Every structure is written in structure tokens, then in C-alpha cells.
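1. sequence plus predicted model, see below.
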Amino acid sequence: MNKMLRSLLVSVWIFAGLFTSQIYSDETRLGRVPGTAVMFGSVSGPNTFTAAKVYAKNLDKNMLYMVYTNKGQYRMPNLMVGAYEIWSEHEALRSEHSWVRVEARTKIAADFTLKTGPADPLTLKTRNAKTGNAVSYDELYPPGAGRDIAERTCMSCHGQLFLPAFKMNKAGWNTMIGLMLDPNARRGAMIQEGSGVGSITDEERDLLADYLADNFGPDSQDRILISEAEYPLDEAELSKGLFVEFMLPLAPNTDLSLRSKAEAGKHRVLEPHIDNSGNIWGTNSFIGVSKLDPRTAEYSHYPFGIDRVNGNPYIQAHGMTIDSRDNIFWIEFYGKHVGRLNPRTGQMDRFPMDPEGKIYNIQGHTPDLDSKENVWFTVITGNKMGVWDRKTEKISLYEIPTPNSFPYGIDVDQQDNVYFAELFGCKVGVINANTKQFKEYPALASPCSMNRVMVDKEGIVWYSLVRSGLLGRLDPKTGKQKEYPVLPFREDRTVPLSNPYGIIADHKNKVWFGDQGLGGALIRFDPDTEKFSYYPLPRKTDNPNIDISGKGAIIYTSRSSRQAAIGIFYPDVTQMTSYAVFR
């Protein structure tokens with residue numbers, strides 16, 4: 001029997017003849033990546049649907065592909081050789097899983113039938129799940145004075161999913177609130193005058209503690225906040241794209257349904273960056289930095305080791321950047337150093353952020369390079385902007401005008417203006433790399449949590465207000481600002497659905513950003529039309545930062561998913577000619 005025919009499983013077959021459809025003029029055509037295969041077919045279900053997801057997991061290489069259907073048809077090109085598990089999903093509907101072997105230049109036809117079934121832990125997005133303990137926003141947070149205070153303080157930073165994770169009496173909640181008010185806490189007072197959330201009175205503190213104890217007390221039920229809105233999807237546009245995730249090994253006994261957190265020995269990739277050789281790098285929690293060669297789907301890891309001198313023995317980098325010679329620079333959230341890796345030799349060097357130890361519990365966050373390739377970085381705990389000087393290899397720190405501003409994301413423009421987001425300061429800050437002079441631009445929305453900034457090729461600064469569901473635009477030349485609501489949580493717009501995060505501009509100056517509001521999406525904003533386009537991701541993630549290739553592929557990570565991965569989204573898969581990614 002023909003080897004390909006022996007791969008027949010359920011509704012999967014190898015296609016050898018001619019097939020056409022109304023959606024794709026030639027679904028059987030191979031992709032533009034040499035030596036790959038194509039899978040195509042249809043998805044049907046008990047009801048009409050828009051944009052079903054079709055998955056193909058390469059079991060040999062631990063890769064996950066996903067495409068969307070258009071009018072029930074799909075096409076998934078550029079599949080690497082290997083054994084595949086394939087299936088389809090749409091909201092609460094799933095198809096049966098099938099398995100097939102894919103060889104180079106083969107054409108696989110696979111049809112799927114959707115029916116009600118249990119969620120797959122790999123792709124489950126709990127905020128979309130219609131489970132028995134899923135409740136509306138008003139059920140989870142009953143209206144009243146206590147909710148008003150919680151929205152202004154707790155949720156403006158931590159979001160809507162944080163408080164239900166705790167079950168405490170009034171004394172316990174009072175202790176938690178006290179920690180947020182304590183100027184001597186590890187990160188200082190989170191709730192105070194001048195911060196993005198403002199302060200609270202003693203009466204408001206008592207009301208807040210009562211409210212939290214009443215709704216999230218020791219005997220409260222476990223509940224999930226269900227979304228009361230959905231992304232508006234254009235399936236014709238979605239079906240042009242291809243998602244590919246290169247997954248990392250799971251830690252033992254991992255529960256895929258839980259949000260990922262930093263743990264020793266567990267992969268948790270935060271920020272991706274493209275190097276000059278077609279590879280993708282990422283900071284990898286307590287492990288170190290990791291390199292993905294997407295041409296082979298192979299990872300290489302560069303462990304940090306242990307540092308018992310600087311507090312937490314595990315070194316954890318948050319952000320990273322890459323210079324013109326492919327040297328990797330990382331900023332330590334735990335470890336108190338700026339690090340450098342020479343990938344050609346494996347040599348690692350670490351430079352103390354605060355060699356005199358003047359800043360209590362200093363924590364770095366995100367770096368970027370100026371025109372001289374000096375490394376600028378935010379000091380999130382310490383309220384500083386830092387710079388590592390390439391000539392002297394010394395670090396200088398500069399105090400930000402707004403106290404306790406929590407500088408977060410960073411981007412350097414072509415004139416060496418270093419823009420940064422003040423998470424709690426609720427401002428866009430900027431320091432000139434040459435004059436060291438600061439200037440700040442408050443957000444229009446307040447309170448707010450501003451986490452990322454980006455400067456486009458026209459010098460416009462874009463920023464994301466993560467808990468307000470807003471994308472901001474600032475013209476530094478005129479000082480004019482505008483903030484765009486991404487998507488409401490519900491029709492009355494009282495609660496944001498979107499949580500915009502990592503942000504970047506493509507080569508047509510369209511703004512892309514990651515969103516965690518409904519479990520993970522990439523969103524494109526067209527400044528000319530002021531319209532948003534939504535691309536929900538294959539799996540749960542929060543997109544702390546993203547990168548972009550010269551052909552417009554978006555590079556992202558699945559940080560909040562229990563199975564870490566670096567992902568590539570090709571908005572127009574016809575532009576994909578290789579798995580290598582270059583600027």
C-alpha cells in the first residue's frame with residue numbers, strides 16, 4: 001500500500017488530485033518555504049460559526065501551528081516534516097484529534113467536524129470558558145462604594161483577575177492594603193499621592209477592607225470572571241495568516257490550566273528579540289537567556305547560574321536587547337546587574353547596577369540601545385533611568401522627577417531621546433541621552449497603569465495603558481495626545497476588556513500590540529483610519545513585549561501559558577519564504 005495512504009486516520013487523507021473551492025483558488029498549492037507541506041480542508045459544526053481555529057502540533061519538533069477558517073475552509077502551508085496531531089476548535093466546540101505523518105512537499109487534506117466536548121488544557125483560555133463557576137463582572141464585584149475604590153486602586157494595577165485569587169478575612173485584607181500603603185515596603189508605597197492610583201483615606205481603606213472580605217473572604221466560592229464581550233473578527237483577514245509556536249519542555253507535574261509564574265528550572269520566556277542571523281532570543285525567567293533557531297525549531301540555552309550575594313540566589317532577567325554584533329544584553333529583575341553574553345564564545349559578564357549599594361532592593365526592567373550602542377534601561381524598583389556606557393563599561397543612574405513612578409518599558413528614538421513608561425506615575429517620561437534632561441507627559445486617563453512605549457518612524461510616541469484598555473498617541477513636537485479605547489468590556493464601557501501590553505510599529509507604520517484581555521491576542525491599529533484589527537492567539541498569553549521582522553511577521557512569547565513558547569505570526573503567509581527571521 002502507498003505509504004501516504006497508510007497515514008489515513010479518521011477524516012485525514014493525502015491529496016493527490018486537483019481540488020478547488022470558492023474561498024481559495026488553489027488550496028493544494030504548497031507554501032513558499034522549500035521542503036514543506038500544506039494541509040487544507042473544511043470545518044463543519046452544528047451551527048454556523050465565524051473563524052474556527054485549526055491546529056496542527058508537530059510532535060517531532062514540539063511546534064504548534066494554527067490558522068483560521070474562512071467560510072468553513074482553511075489552508076495551512078509551510079508545515080515542517082514530522083508526525084502531527086491535528087484538530088479544530090471554536091469556542092466550546094471541538095473536533096476529534098487525529099494523527100498523520102507529513103513529508104516534504106506533500107499535500108494533506110483534512111476535514112473536521114465540531115461538537116461539544118471537553119476543553120484541551122493546551123489551548124484553554126479560562127476567561128472564554130463557559131464553566132459552572134464563571135460569573136459576570138457585577139456578580140464577582142457587586143456595585144457600590146467598595147468596588148469604586150477597588151477599581152481605582154487594586155484593579156488599576158493588578159487587573160480584574162487578581163483579587164479573586166485570594167481568600168482572606170478583613171484583618172488579612174487590611175494587612176494587604178497596608179503593604180500597598182507602606183513607604184518602607186520593598187517597592188515603596190504603591191498607593192500614594194502622585195502615583196497613578198492616587199491615595200485613599202482611612203475611611204476608604206476601611207470600606208475597601210470590608211468589601212474585599214465580604215466578597216473574597218475565607219469561605220467564598222472559587223469563581224472565574226467571564227468576558228461579556230468578544231473581539232470583532234474579520235475571518236477573511238484572519239484566514240490569510242499563520243501562527244507558529246515553538247514550544248519548550250514542560251516542567252514535571254505542570255497543570256496547563258493555571259497561569260504561569262516564575263519558578264526555578266521552569267521555562268518562562270518573557271521578551272523576544274530578533275538577532276542579525278535569523279534567530280530569536282528571549283529572556284527565560286530563572287534559567288537564563290535562550291536562543292531559538294526557527295529554521296530547525298531548536299533551542300539553545302545560556303544559564304545564568306546562582307548568585308548568592310545579591311539577595312535571591314536565582315538571577316532573573318526581565319528585558320533584553322541585542323547590539324550590532326549580536327551581543328546579548330539583559331537587565332536583571334533579581335540579581336542587581338546588567339548582563340552581557342557573547343554568543344560566539346559563550347562568555348558572560350555582569351555589571352552591578354548600584355555598585356555602592358545605595359538603592360534598597362534595586363530591580364531593573366527593560367533596556368534599549370542609543371545611537372552609540374550604550375545600553376539604557378529602566379530601574380523599576382529604585383525610580384531611576386540607567387545607562388551602561390560602552391566605552392567605560394560603567395553604569396550611571398538618573399533620578400526620575402516623579403517619585404515612585406515605576407519606570408517600565410523603554411524605546412530610544414533616532415535623536416537619542418530615551419522614552420519610558422511610568423507604570424505608577426501614569427506618564428510618558430523621556431530623558432535625552434546627551435543632556436540628561438527629563439520631561440514628562442501625563443496620560444489623559446487617570447488613574448492608569450502605563451507599561452510600554454514605542455516611537456514610530458515619524459517620531460510619534462505610542463503607549464499602552466494596560467488596565468484602562470487604551471492605546472495612547474503623543475506627538476512630542478506639539479504635545480498633543482489622544483487615547484483610543486481598544487474594546488469595551490461591555491456596552492456601558494464602564495470596564496475595559498483590553499489589556500494592551502507590548503507594542504511596536506510595522507514598516508508601514510501600523511501599530512501592533514499584544515493584548516491579554518480575552519486570554520491573548522495581537523491587535524493592529526491603523527493610525528490613518530483609526531481602526532483596530534484583532535488576531536486572537538492560539539493559546540493563553542499576555543504578550544509582555546513583541547518584535548517584528550522585515551517582512552512584517554510579529555514575534556511574541558506565551559509568558560502566562562504554562563507551556564512556554566516563542567511564537568511567530570505571519571499576517572500574510574504568502575510573504576513567508578523561510579523560517580529565518582530578519583529585520
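-> Perfect, I can see it now.

2. residue ranges of the helices in the chain, please?
-> Ranges of helices in the chain, per DSSP state H, are 137-140, 145-152, 154-158, 170-181, 202-215, 235-238.

3. out of the helices and strands in the chain, which is least certain?
-> strand 12-14 (a mean of 46; mean pLDDT, DSSP states H and E).

4. which stretch in the helices of the chain is the model least sure about?
-> Mean pLDDT values for those show the minimum at helix 154-158, a mean of 79.

5. from the chain's centre, how far out does it sit?
-> Its chain's C-alpha centre and that of helix 154-158 lie 18 Å apart, by C-alpha atoms, centre = their mean, to the nearest Å.

6. go on, stretch 165-174?
-> 30 Å.

7. and the end-to-end length of it?
-> One end of stretch 165-174 sits 16 Å from the other (C-alpha to C-alpha, to the nearest Å).

8. what's the answer for stretch 165-173, then?
-> Terminal residues of stretch 165-173 are spaced 13 Å apart (C-alpha to C-alpha).

9. I figured residue 471 hits residue 482, correct?
-> No - Residue 471 is beyond contact range of residue 482, at 9.3 Å (criterion: C-beta atoms under 8 Å). Placement of C-beta: from N, CA and C, glycine included.

10. more neighbours, those two?
-> Between residue 471 and residue 482, counting by other C-beta atoms under 10 Å, residue 471 is the more crowded of the two (23 against 12).

11. which ones are touching the more buried one?
-> The contact partners of residue 471, by C-beta atoms under 8 Å, 6 or more residues apart in numbering, come to 462-465, 483-484, 486, 500, 503, 511, 513, 525.

12. report pLDDT for it.
-> Taking residue 471 on its own, its pLDDT is 96.

13. can you tell me the closest non-neighbouring residue to it?
-> In space, and not counting its chain neighbours, residue 471 is closest to residue 484: 4.7 Å by C-beta to C-beta, 6 or more residues apart in numbering.

14. hmm, the one you found is touching residue 470, no?
-> Yes - in this structure, residue 484 is within contact of residue 470 by C-beta under 8 Å, at 6.5 Å.

15. now the strands for the stretch 51-200 of the chain?
-> Along the stretch 51-200 of the chain, the segments classed as strands by DSSP state E, counting those that start in this stretch run 53-58, 63-68, 73-79, 82-90, 93-94, 98-102, 107-110, 112-113, 115-116, 134-135.

16. figure out which of these is closest to residue 348.
-> strand 63-68 (29.0 Å; C-beta to C-beta).

17. contacts for that closest one?
-> Contact with strand 63-68 is made by 51-58, 74-76, 79-80, 82, 122, 235, 238-239, 241-247, 297, 538-539, 565, as judged by C-beta under 8 Å, 6+ apart.

18. run the last query once more with 6 Å
-> 51, 53-57, 74, 76, 235, 238-239, 242-246, 297, 538 (C-beta atoms under 6 Å, 6 or more residues apart in numbering).

19. model confidence for the residue most central in space within the chain, exactly?
-> Centrality entry for the chain: nearest residue to the mean C-alpha point is residue 543, 0.5 Å, by C-alpha atoms, centre = their mean. We have a pLDDT of 85 for residue 543.

20. ok, now residue 581?
-> 97.

21. bridged to residue 291, which residues?
-> Per DSSP bridges, the residues bridged to residue 291 are residue 281, residue 300.

22. if I look at it, how far off is residue 159?
-> Noted for residue 291: a distance of 32 Å to residue 159, by C-beta to C-beta, to the nearest Å.

23. quick one: which of these two has more around it?
-> For residue 291 versus residue 159, neighbours defined as other C-beta under 10 Å are more numerous around residue 291 (21 against 18).

24. the more buried one contacts residue 281, correct?
-> Yes - here residue 291 reaches residue 281: they are 5.2 Å apart, a contact under C-beta atoms under 6 Å.

25. gap between the spatially closest residue to residue 422 that is not a sequence neighbour and residue 369?
-> In space, and not counting its chain neighbours, residue 422 is closest to residue 405: 3.9 Å by C-beta to C-beta, 6+ apart. Relative to residue 369, residue 405 is positioned 22 Å away (C-beta to C-beta).

26. what about those two, which has more around it?
-> residue 405 (26 against 18).

27. so what's that one up against?
-> Shown in contact with residue 405 (C-beta under 6 Å, 6+ apart): 383, 422, 425.

28. one more time with 10 Å, if that's ok
-> By C-beta atoms under 10 Å, 6 or more residues apart in numbering, the contact set of residue 405 is 194-196, 378, 380, 383-384, 420-427, 429, 440, 450.

29. ok, now residue 350?
-> Residue 350 touches 304, 307, 310, 315, 330, 332, 335-340, counting by C-beta under 10 Å, 6+ apart.
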